[in-house]
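# The following comprises the amino acid sequence and a computationally predicted model.
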Amino acid sequence: MSVIPIITDIVPFAYKLFGAILITLVDIWMPQNVTEVKSRVVLISGEARGIGKALANEFLKHGATVAICDINKVGCTIRVVGQV
């Protein structure tokens with residue numbers, strides 16, 4: 001039995017499972033009362049992709065000011081997005 005067909009079945013499943021877990025974690029971490037984040041500044045590191053990007057987008061949707069720090073090949077980038 002070849003391993004390649006098993007891997008091609010597992011990888012899409014794992015990708016979908018990770019996405020579902022990510023959405024669930026964001027729902028758990030976000031305050032139930034949205035007004036709690038409207039006057040807050042949220043600092044997120046590693047915003048380029050993955051969990052950091054998803055969290056930044058969720059906090060922005062709920063009116064928070066988001067400060068983002070991301071390290072890449074050029075160096076460290078810090079920017080503020082959203083309401084100030």
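Everything's here; your move.

# in the protein, what spans have low per-residue confidence?
In the predicted model of the chain, residues 1, 3, 31-35, 47-49, 83-84 satisfy pLDDT under 70.

# ok, which stretches of it are helices?
4-29, 35-38, 50-61 (DSSP state H).

# Redo those helices as CSV? Include mean neighbour count.
Using the backbone N, CA and C atoms, a C-beta is placed for each residue, glycine as well. Shown next, in CSV, are the helices of the chain (neighbours: other C-beta atoms under 10 Å):
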stretch, mean neighbour count
helix 4-29, 10
helix 35-38, 13
helix 50-61, 16
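
# Can I get those in JSON lines including distance to Lys73?
Shown next, in JSON lines, are the helices of the chain (distance: least, C-beta to C-beta, whole Å):
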{"stretch": "helix 4-29", "distance to Lys73": "25"}
{"stretch": "helix 35-38", "distance to Lys73": "32"}
{"stretch": "helix 50-61", "distance to Lys73": "17"}
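
# Of those, which is nearest Asn72?
Minimum separation from Asn72 across the helices of the chain (C-beta to C-beta) falls at helix 50-61, 12.6 Å.

# That closest one: how far from the chain's middle?
4 Å (C-alpha atoms, centre = their mean, to the nearest Å).

# cool, stretch 56-72 as well?
For stretch 56-72, the distance to the chain centre is 9 Å (C-alpha atoms, centre = their mean).

# Equivalent analysis for stretch 29-46, please.
Using C-alpha atoms, centre = their mean, the offset of stretch 29-46 from its chain centre is 13 Å.

# same thing with stretch 77-84?
When C-alpha coordinates are averaged (C-alpha atoms, centre = their mean), stretch 77-84 and its chain have centres 16 Å apart.

# Dump that stretch to PDB, restricted to CA.
These are the backbone C-alpha positions of stretch 77-84, laid out as PDB (Å, rounded to 0.1, in the frame of the first residue of the first chain):
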ATOM      1  CA  THR A  77       7.400  46.400  11.000                       C
ATOM      2  CA  ILE A  78       5.100  48.100  13.500                       C
ATOM      3  CA  ARG A  79       1.900  49.900  12.400                       C
ATOM      4  CA  VAL A  80      -1.300  51.000  13.900                       C
ATOM      5  CA  VAL A  81      -4.600  50.300  12.000                       C
ATOM      6  CA  GLY A  82      -8.200  51.000  12.900                       C
ATOM      7  CA  GLN A  83      -9.600  53.700  15.100                       C
ATOM      8  CA  VAL A  84      -7.200  55.800  17.100                       C
END
